[in-house]
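Colleague: can't give you the sequence, but here's the structure:
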Ligand code: HEM
């Protein structure tokens with residue numbers, strides 16, 4: 001056979017193989033869908049809202065900026081277990097039943113994969129990452145990482161937190177030096193939270209609180225991460241089908257897809273990775289140069305990644321983090337820590353502005369504590385001993401969790417017990433059988449406000465509820481959360497690793513700003529919009545993005 005003939009034959013074989021592989025993959029996908037549809041018959045019996053579109057089901061009601069009202073409607077009308085319709089009329093579940101949440105988040109957690117981290121894994125370039133890992137590998141790395149967040153390391157971080165918070169205090173003092181001013185506080189809290197995790201988490205700075213400086217490329221990418229990810233939730237139904245594929249294939253396929261939001265997430269994660277690598281290389285070089293050089297970092301070597309790198313040098317081979325894993329950690333910590341904490345802080349200041357009495361009470365408590373300490377800032381134990389400060393944080397995080405949902409996808413058919421039976425047309429159902437591939441939205445805000453748990457005033461912001469013993473119904477519910485009987489930081493091995501870091505950061509910032517400024521609502525109406533993280537926006541200014549004007553006045 002001639003050379004040309006051989007070439008034609010190999011092309012033919014290659015084309016046929018590709019065609020057969022594509023045909024097989026399509027048949028497998030369709031079969032998997034059909035099997036799931038069949039298994040989902042029991043899920044369809046669960047009451048839920050009518051679908052409004054064959055293509056997108058209830059997604060346009062569930063995941064748009066004004067969706068909070070729809071989420072509350074689901075709880076009011078259908079209760080703690082609600083069936084909604086997803087993409088291509090797939091059945092999905094929205095669950096705030098405490099026992100079911102305990103099964104999904106803790107007991108049977110290996111059967112319920114985190115959609116966001118999974119997607120992060122799919123779209124990131126490097127072959128090693130940390131918090132996007134699953135099952136045993138995730139548990140192993142999480143176990144190794146937990147000590148980095150131990151109280152002794154957080155305690156050492158308090159002076160650094162105060163320095164950053166004081167920097168913000170000075171910026172704001174300059175702004176209100178000649179009288180009360182309306183200030184977009186969210187903008188400053190976002191810069192502050194970024195700087196806190198940069199300095200406290202990574203031992204680095206982008207000088208984010210410089211009033212003359214712009215936003216860093218890293219900061220922009222961090223801000224874009226969660227909203228971009230949330231837009232991708234519609235694709236979650238396909239993940240169980242591809243979850244075992246290597247990430248380089250997923251990434252290659254994702255680049256070929258005609259969806260700008262997928263290209264966006266690749267760009268965002270690449271940018272975060274690029275900066276994480278630069279910061280890591282710098283830290284590694286310092287560590288090599290010796291203890292003295294390492295301590296010259298902005299955090300004096302007390303940041304989380306420095307602690308990890310130092311303990312890593314002494315770790316045994318099988319416990320040692322690879323460089324790639326440390327970098328993956330740096331990226332994950334940065335985006336997990338920034339917008340969550342800044343919007344939580346923004347909500348606290350907003351509530352204090354709405355409730356001047358509570359603001360005054362908090363100011364008194366902080367002023368008294370400062371007077372007793374005789375210093376210009378409160379230490380770790382002093383901050384931990386202030387009951388009203390604690391109550392304000394807990395109540396705000398209960399009523400307004402920055403993340404309304406923890407999204408999961410079921411990886412294996414699972415029987416999930418319920419605290420309270422669901423009433424279907426065919427009678428009560430006290431165990432849910434969730435088929436593989438079903439998306440499950442753990443309804444954090446629904447459980448945090450459940451009137452059967454928290455009482456008839458569960459929907460009201462009342463810090464005082466934390467100053468007395470909690471009602472027996474709260475303890476009886478056995479809420480599987482790591483923080484204050486709420487799901488704000490969820491529970492199980494996937495719970496928020498940084499919740500104590502975040503709590504401490506919030507308390508430090510409140511202790512610096514509340515004694516210095518009086519906060520009141522401005523004439524401009526602020527509304528809170530759902531979008532992965534619930535954030536404030538000026539009513540009618542959709543294009544401008546999140547912002548929260550408040551009036552600040554020197555005390
Ligand atoms: C008010 C602030 C915060 C809130 C409300 C919050 C909430 C959460 C929630 C709900 C999860 C679980 C998501 C899921 O399972 O679907 C989570 C995970 C995580 N958070 Fe936070 N977070 C906050 C601050 C922080 C901070 C400051 C850090 C780092 C210093 C951090 C680091 C992480 C990491 C690394 C994970 C993944 C844990 C894992 O998969 O093992 N978070 N967070």
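Modeller: Received, thanks. Owing to the predicted nature of the structure, the values given are computational and were not obtained by experimental measurement.
Colleague: what's residue 82 in contact with, if anything?
Modeller: Residue 82 makes contacts with 46-49, 74-75, 93-95, as judged by C-beta atoms under 8 Å, 6 or more residues apart in numbering. To be clear about C-beta, it is placed using only N, CA and C from the backbone, and glycine gets the same treatment.
Colleague: Now narrow those residues to whatever sits close to the ligand.
Modeller: Of the residues in these, proximity to the ligand by C-beta under 6 Å from any ligand atom holds for none.
Colleague: and the closest residue to residue 98 other than its chain neighbours, how far is that from residue 99?
Modeller: The spatial neighbour of residue 98 that comes closest, neighbours along the chain excluded (C-beta to C-beta, 6 or more residues apart in numbering), is residue 477 at 4.6 Å. Separation of residue 477 from residue 99 (C-beta to C-beta, to the nearest Å): 9 Å.
Colleague: shared neighbours, those two?
Modeller: In contact with both residue 477 and residue 99: residue 419, using C-beta under 8 Å, 6+ apart.
Colleague: downstream neighbour of the lowest-mean-pLDDT helix or strand in the chain in the secondary structure list?
Modeller: Ranked by mean pLDDT, DSSP states H and E, the weakest helix or strand in the chain is helix 115-123, scoring a mean of 57. Under the assignment DSSP states H and E, the closest C-terminal helix or strand after helix 115-123 is helix 135-145.
Colleague: Quick check: buried residues in the helix or strand residue 267 falls within?
Modeller: Using DSSP H and E, the element containing residue 267 is helix 260-289. Neighbour-count burial for helix 260-289, counted by 16 or more other C-beta atoms under 10 Å, picks out 262, 264-266, 268-269, 271-273, 275-277, 279-280, 283, 286-287.
Colleague: buried sites along the next helix or strand along the chain from it?
Modeller: Next in sequence after helix 260-289, counting helices and strands by DSSP H and E, comes helix 291-294. Residues of helix 291-294 classed as buried: residue 294 (neighbour count, 16+ other C-beta under 10 Å).
Colleague: for the helix or strand following helix 291-294, packing partners?
Modeller: Next helix or strand after helix 291-294 toward the C-terminus (DSSP H and E): helix 304-314. Helices and strands touching helix 304-314, by 3 or more C-beta pairs under 8 Å, 6 or more residues apart in numbering; DSSP states H and E, are helix 260-289, helix 323-354.
Colleague: The same query, at a cut-off of 10 Å, please.
Modeller: For helix 304-314, the packing partners by 3 or more C-beta pairs under 10 Å, 6 or more residues apart in numbering; DSSP states H and E come out as helix 135-145, helix 151-175, helix 260-289, helix 291-294, helix 323-354.
Colleague: Tell me who's in contact with the closest residue to the ligand within the stretch 351-500 of the chain.
Modeller: Using C-beta to the nearest ligand atom, the single residue of the stretch 351-500 of the chain nearest to the ligand is residue 498, 2.2 Å away. Contacts here follow C-beta atoms under 10 Å, 6 or more residues apart in numbering; on that basis residue 498 touches 149, 154, 197, 200-201, 304, 332-333, 336-337, 340-341, 489, 504-505.
Colleague: Please list which of these are also close to the ligand.
Modeller: Answer for the contacts of residue 498 near the ligand (C-beta under 6 Å from any ligand atom): 197, 201, 332-333, 336-337, 340-341, 489.
Colleague: could you redo those residues as a markdown table and give each row neighbour count, pLDDT and distance to residue 510?
Modeller: Output for these, formatted as a markdown table (neighbours: other C-beta atoms under 10 Å; pLDDT from 0 to 100; distance: C-beta to C-beta, whole Å):
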| residue | neighbour count | pLDDT | distance to residue 510 |
| --- | --- | --- | --- |
| 197 | 26 | 95 | 18 |
| 201 | 24 | 94 | 20 |
| 332 | 22 | 82 | 26 |
| 333 | 25 | 88 | 22 |
| 336 | 22 | 87 | 21 |
| 337 | 25 | 93 | 17 |
| 340 | 23 | 94 | 16 |
| 341 | 25 | 97 | 12 |
| 489 | 24 | 98 | 18 |
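Colleague: what's the neighbour count on residue 161?
Modeller: 26 (other C-beta atoms under 10 Å).
Colleague: elements contacting the longest helix belonging to the chain?
Modeller: Assignment by DSSP state H gives helix 3-39 as the longest helix of the chain. Helix 3-39 sits against strand 91-95, helix 239-242, with contacts defined as 3+ C-beta pairs under 10 Å, 6+ apart.
Colleague: Going by mean pLDDT, which of those comes out lowest?
Modeller: Mean pLDDT values for these show the minimum at helix 239-242, a mean of 63.
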